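*Asks:* Kindly return the folded structure for what I paste below:
(one chain, ligands or ions: 1)
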Amino acid sequence: MRVAVCQLNSRDDREANLAAAEALIDRAAAAGADLVLLPEYVDYLGPGAGMPPPESADGEVGRFFADAARRRGIWLIAGSFHEAGPDPDRTWNTTLVFDRAGTLAASYRKIHLYDVEIPGRVSYRESASVAPGDQPVVVEVEGLRVGLSICYDLRFPELYRQLATAGAAQLLVVPAAFMMHTGRDHWEVLLRARAIENQCFVAAAGQTGDHEPGRTCYGRSMVIDPWGTVLSQVPDGPGFAVTDIDLSCLERIRAELPSLANRRL
Ligand SMILES: NC(=O)CCC(=O)C(=O)O
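*Replies:* Numbering: from 1, shown residues only. So this is what the prediction gives:
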């Protein structure tokens, strides 16, 4: 299974964001990707006041990604988008997964919301405009079991342990808009830790660069193997990287160093 992680600079123009995503999907598909991963908030990353009305999974944004998957015959994990929910004041932050025919195979709503106040650096209260999900999700992609998560979820190892054990995930995906301030110290360390402790591949696709109002994302999208080795990484700025996922590597590591099987709690 060839996996592509796409790194984007989504901003406050939904049409331009979707066009940029489609251009990268095209390039990744041309590079032979079977499964393409986009970043968090791929549809809109800008001031709340300018956001287009949120939609359900079968709205314009969902149909756009379904069509993108079908036309290229790829699996698409469409980062995340602002999904309309029952609360008129709060959306869900939702990942949609489409199969090669463009059929919705799974969706996941971000469970852990980014409510952080680091004086003078980061001030963010995602829960003011987003409602949390409550269901871990694993989806089977042609024999590969893929555990879904979004950005700040990365700091909660119990979610990934559940995906890897109860869900038997082999690949953990992390669409993200990780902040520059925290990302430079924590992003790679956390991703590699999740890979090592769960003996899973990890694919993480981030937003990169500046976004209004005054937010800078770290980027450094990457794919990591179950040993914790970074197999590929996207340089700064929009772009993508493709990596072949070889499950025999996961099986060998789990057999030689069976820490997942040896757990006692
Ligand atoms: N969009 C997010 O969830 C940001 C998470 C982040 O930057 C972090 O440090 O955690």
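*Asks:* list the contacts for the closest residue to the ligand within the stretch 1-150 of the chain?
*Replies:* Residue nearest to the ligand within the stretch 1-150 of the chain: Tyr114 (3.6 Å; CB to the nearest ligand atom). C-betas here are computed from N, CA, C, even on glycine. Counting by CB atoms under 8 Å, 6 or more residues apart in numbering, Tyr114 touches 124, 126, 151-152.
*Asks:* So which of those wins on neighbours?
*Replies:* For those, counting by other CB atoms under 10 Å, the largest number of neighbours falls to Cys151: 27 neighbours.
*Asks:* How about stretch 70-89, which residues are buried there?
*Replies:* 70, 72, 74-85 (16 or more other CB atoms under 10 Å).
*Asks:* Could you save those as a markdown table and add columns showing secondary structure, distance to Tyr41 and pLDDT?
*Replies:* Output for the buried residues of stretch 70-89, formatted as a markdown table (DSSP: H, G, I helix; E, B strand; the rest coil; distance: CB to CB, whole Å; pLDDT from 0 to 100):
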| residue | secondary structure | distance to Tyr41 | pLDDT |
| --- | --- | --- | --- |
| Arg70 | helix | 23 | 98 |
| Arg72 | helix | 22 | 98 |
| Ile74 | coil | 21 | 98 |
| Trp75 | strand | 21 | 98 |
| Leu76 | strand | 16 | 98 |
| Ile77 | strand | 14 | 98 |
| Ala78 | coil | 11 | 98 |
| Gly79 | coil | 7 | 96 |
| Ser80 | coil | 6 | 98 |
| Phe81 | strand | 7 | 97 |
| His82 | strand | 7 | 96 |
| Glu83 | strand | 11 | 98 |
| Ala84 | coil | 15 | 97 |
| Gly85 | coil | 16 | 93 |
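*Asks:* right, and the pair among those with maximum separation?
*Replies:* Arg72 and Gly85 (29.7 Å; CB to CB).
*Asks:* Does Thr208 touch Arg215 like I think?
*Replies:* No: using CB atoms under 8 Å, Thr208 makes no contact with Arg215, being 11.6 Å away.
*Asks:* What is the burial count for Asp236?
*Replies:* Quick note: Asp236 (other CB under 10 Å) scores 11 neighbours.
*Asks:* One more: the one 4 residues further on?
*Replies:* Burial measure for Phe240: 22 neighbouring residues, criterion other CB under 10 Å.
*Asks:* Counting by contacts, list what the one helix or strand it maps to packs against.
*Replies:* Taking DSSP states H and E as the definition, Phe240 sits inside strand 239-244. Secondary-structure packing of strand 239-244 (3 or more CB pairs under 8 Å, 6 or more residues apart in numbering; DSSP states H and E): strand 2-7, helix 14-30, strand 222-224, strand 230-233.
*Asks:* now do 7 Å
*Replies:* Identification of packing neighbours for strand 239-244 by 3 or more CB pairs under 7 Å, 6 or more residues apart in numbering; DSSP states H and E yields strand 2-7, helix 14-30, strand 230-233.
*Asks:* tell me the mean pLDDT over that strand?
*Replies:* For strand 239-244, mean pLDDT is 98.
*Asks:* Please identify the buried residues of it?
*Replies:* 239-243.
*Asks:* can you check stretch 50-68 too?
*Replies:* 51, 54-55, 57, 61-62, 64-66, 68.
*Asks:* Cool, thanks, talk later.
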